[in-house]
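1. Sequence first, predicted coordinates after that:
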2 protein chains.
Amino acid sequence: MTQDNDSKSFFEDFKVGYRFQTASLSVTREMIKRFAAEYDPQAIHLDEEAAKKSMFGELIGSGWQTGALSMRLVAEAKPFGTAPVVGLEVHSMKFVKPMKPGMRLYVTGEIREAWRSRSKPLGFFKVALETHAEGAGPIMTQTWTVVLPTRAGPTAEGKS
Amino acid sequence: MTQDNDSKSFFEDFKVGYRFQTASLSVTREMIKRFAAEYDPQAIHLDEEAAKKSMFGELIGSGWQTGALSMRLVAEAKPFGTAPVVGLEVHSMKFVKPMKPGMRLYVTGEIREAWRSRSKPLGFFKVALETHAEGAGPIMTQTWTVVLPTRAGPTAEGKS
């Protein structure tokens, strides 16, 4: 192990049960409309009057923006230290409640499974995430499969 | 049924097996960096030199941007006519290949399941989606559960 590697984070540095919580950020009406204009141009996300007549009764944020803001909070929290947060798959992303202007969001996460590649110096975690709105409970839940480099080489014990 | 309803789209207007394909759009280096700066501030999406040293070997787009661009293509295609595309859940979103600058993306979709609410005038579809890069095959696959208003009221035959 080199001195350089000592300061870097690897798969081996994290275990099932490891939990993290991010900082928080506020969602504004302007943020919702700006994201929607570029990525989800539908009246429920852009037009206050049309949104009032929709099944939601008011302007709501795109679920993709909730996901993207959750990514930002997790990326800034650096839960895996120097290893980037690289998702291979998102399992069962549920939009529990609509994201509304004025909400203040934060994300909690927990490693639920861990396994190593049998052929490459890579390890994998299944991470359960909840995006909460302060005072309103979870608004989005999801589980990610993420990949990290391993300090040691591949193993014959891995499941992939 | 009112004349107004005749021009609107409802759950009843679409069936299992219905397929659609969106228009296409090009991904630029500038788009990737601008999205990353706001939603996924990691070196693999922002910094050409750091990305070269990563496991990807070059700058790649955030998976959340691939998802958001796919949403935009679907929203613009209006696969459900006047009914907005409202997702309740995303099942198994897989990042098959990294999204790279210069790729031209389009999305195909197919309704795989349909059911009605037993208590509300709502219907649900499970829709399988593939985001393709022209000349490079699928880069992202996912399945959505979407909700649409029904023309008729609730039914006792629904599964939810």
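-> Great, that's in hand.

2. CA atoms for contacts and neighbours, from now on please.
-> OK.

3. Look up how far residue A:62 lies from residue A:123.
-> Per C-alpha to C-alpha, to the nearest Å, residue A:123 is found 32 Å from residue A:62.

4. nope, residue A:69 is what I was after
-> Distance from residue A:69 to residue A:62, by C-alpha to C-alpha: 11 Å.

5. any idea what sits nearest residue A:152, other than its immediate chain neighbours?
-> Nearest non-adjacent residue to residue A:152, counting by C-alpha to C-alpha, 6 or more residues apart in numbering or on different chains: residue A:121, 6.9 Å away.

6. That neighbour - how many residues pack around it?
-> Counted with other C-alpha atoms under 10 Å in any protein chain shown, residues neighbouring residue A:121 total 16.

7. Enumerate the beta-bridge partners assigned to residue A:109.
-> residue A:20, residue A:129 (DSSP bridges).

8. now it: how far from residue B:24?
-> 35 Å.

9. Which one of those two is surrounded by more residues?
-> Each of residue A:109 and residue B:24 has its neighbours counted (other C-alpha under 10 Å); residue A:109 has more, 22 against 16.

10. follow-up on the earlier one: neighbour count for residue A:69 and residue A:62, which is higher?
-> Each of residue A:69 and residue A:62 has its neighbours counted (other C-alpha under 10 Å); residue A:62 has more, 28 against 24.

11. pretty sure that one is touching residue A:38, no?
-> No. Proximity of residue A:62 to residue A:38 does not meet the contact threshold set by C-alpha atoms under 8 Å, at 11.0 Å.

12. In terms of helices and strands, where is the residue nearest to residue A:24 when sequence neighbours are not counted?
-> Counting by C-alpha to C-alpha, 6+ apart, residue A:24 lies nearest to residue A:106, which is 4.5 Å off, once chain neighbours are set aside. In this assignment (DSSP states H and E), residue A:106 forms part of strand A:104-116.

13. what number of residues lie near residue A:48?
-> Residues lying near residue A:48 (other C-alpha under 10 Å) number 17.

14. Give the helix, strand or coil label for the closest residue to it other than its chain neighbours.
-> Excluding its sequence neighbours, the residue lying closest to residue A:48 (C-alpha to C-alpha, 6+ apart) is residue A:59, at 5.5 Å. The three-state assignment at residue A:59 reads coil, by DSSP: H, G, I helix; E, B strand; the rest coil.

15. Am I right that residue A:59 is in contact with residue A:36?
-> No. Between residue A:59 and residue A:36 there is no contact under C-alpha under 8 Å: 11.1 Å.

16. before we move on, back to that, what about the residue nearest to residue A:24, distance to chain B?
-> Separation of residue A:106 from chain B (C-alpha to the nearest C-alpha, to the nearest Å): 14 Å.

17. Residue A:21 - how many residues pack around it?
-> Applying other C-alpha under 10 Å, we find 17 residues neighbouring residue A:21.

18. just checking, what's the longest helix in chain A?
-> Using DSSP state H, we find that the single longest helix of chain A is helix A:63-77.

19. Now tell me what touches that one from outside.
-> With C-alpha atoms under 8 Å, 6 or more residues apart in numbering or on different chains as the test, helix A:63-77 has contacts from A:21-25, A:32, A:35, A:84-85, A:95, A:98-99, A:106-107, A:131, A:140, B:38-42, B:64-65, B:67-68, B:71, B:87.

20. Give me the angle between that helix and helix B:63-77.
-> Counting by axes from the mean of the first three to the mean of the last three C-alpha atoms, to 10 degrees, helix A:63-77 lies at 170 degrees to helix B:63-77.

21. Got the phi and psi for the closest residue to residue A:107 other than its chain neighbours?
-> Nearest residue to residue A:107, sequence neighbours excluded (C-alpha to C-alpha, 6+ apart): residue A:131, at 4.4 Å. Main-chain torsions, residue A:131, degrees, to the nearest 10: phi -100, psi 120.

22. who touches stretch A:102-111?
-> Contact with stretch A:102-111 is made by A:15-29, A:70, A:73-74, A:125-134, as judged by C-alpha under 8 Å, 6+ apart.

23. mind listing the strands in chain A by residue range?
-> Secondary structure of chain A (DSSP state E): strands at A:19-26, A:87-95, A:104-116, A:122-133, A:137-149.

24. Mutual contacts of residue A:62 and residue A:38, please.
-> By C-alpha under 8 Å, 6+ apart, no residue touches both residue A:62 and residue A:38.

25. picking up where we left off before, got the confidence number for the residue nearest to residue A:152?
-> Predicted confidence (pLDDT) at residue A:121: the value is 93.

26. same deal with residue A:112?
-> pLDDT at residue A:112 comes out at 98.

27. how much space between the one residue sitting closest to the centre of chain A and residue B:62?
-> By C-alpha atoms, centre = their mean, chain A has its centre lying nearest to residue A:71, at 4.1 Å. For residue A:71, the distance to residue B:62 equals 9 Å [C-alpha to C-alpha].
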